[in-house]
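Peer 1: using only what follows, build the 3D model:
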Amino acid sequence: MCKLEKKCRLNFRVVTHDQSEALALSSRIAVFNHGNIEQIGSPTQVYENPETLFVASFIGDSNVLAATLVESDQDSQSGAASALGRRAYMLGDGQKIYVRAEVSDALPKQARLIFKPEALHIASAAGAGENQLRAIVKHLSYQGSFTDLVLSSQGFEFKATLPSSEVKGSKVGETLLFAIKGEVRVLADE
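Peer 2: Numbers count the residues shown, from 1 in each chain. Here you go, the predicted model:
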């Protein structure tokens with residue numbers, strides 16, 4: 001279809017519920033929720049930078065964790081992040097996740113932190129960096145070159161997709177330390 005579109009110099013509109021198809025075929029995606037547009041953007045923008053909780057949960061797997069702002073480099077009057085743009089959110093189990101912010105971003109006190117399962121990696125040692133989560137392996141699903149994990153940490157669950165070589169020998173019930181590599185999105189609690 002992409003070749004035909006280029007050859008004929010035509011634009012196609014494809015309506016699908018198949019996310020893989022939408023991401024593979026599209027130059028722009030519009031995500032609808034009950035007839036309303038939630039987000040329009042390139043496949044990369046929509047997948048990596050969801051603007052709403054619906055888009056985050058609809059396009060690909062996303063980890064969505066409830067958190068409370070506990071530390072920020074912000075202006076106390078405006079609530080905008082300082083030039084440093086660093087803020088810390090605390091999860092329900094007391095673990096902190098640090099995120100970056102644009103200078104003009106307002107900081108929601110109650111938020112949802114969003115990151116993709118493929119952003120998690122096994123950390124080599126505690127204290128070796130920020131954005132580490134200690135979790136118990138609840139389920140392992142070997143997929144060949146990668147393994148999907150369901151993880152639990154004091155009341156919340158999240159997912160990781162890791163190269164199988166990275167989790168070789170890991171077992172259900174084992175406690176592991178994970179590092180979040182890449183951006184953690186922050187959305188205000190709805």
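Peer 1: can you tell me the closest non-neighbouring residue to the residue nearest the centre of the chain?
Peer 2: For the chain, the residue nearest the mean C-alpha position is residue 115 (1.7 Å; CA atoms, centre = their mean). Excluding its sequence neighbours, the residue lying closest to residue 115 (CB to CB, 6 or more residues apart in numbering) is residue 184, at 4.9 Å. (C-beta placed from N, C-alpha, C; glycine too.)
Peer 1: any regions of the protein where pLDDT drops low?
Peer 2: For the chain, the stretches flagged by pLDDT under 70 are 1-6, 9-12, 72-85, 101-105, 125-128.
Peer 1: quick one: the strands in it, in order.
Peer 2: For the chain, the strands identified by DSSP state E occupy 29-33, 36-41, 63-72, 86-91, 96-100, 110-115, 120-122, 132-142, 146-153, 156-163, 175-180, 185-188, in order along the chain.
Peer 1: show me how far the third one is from its chain's centre.
Peer 2: The chain centroid and the centroid of strand 63-72 are separated by 13 Å, computed with CA atoms, centre = their mean, to the nearest Å.
Peer 1: repeat that for the first one.
Peer 2: In terms of CA atoms, centre = their mean, the gap separating the centre of strand 29-33 from the centre of its chain is 18 Å.
Peer 1: by contact count, what packs against that strand?
Peer 2: If contacts are counted by 3 or more CB pairs under 8 Å, 6 or more residues apart in numbering; DSSP states H and E, strand 29-33 sits against strand 36-41, helix 43-48, helix 53-58.
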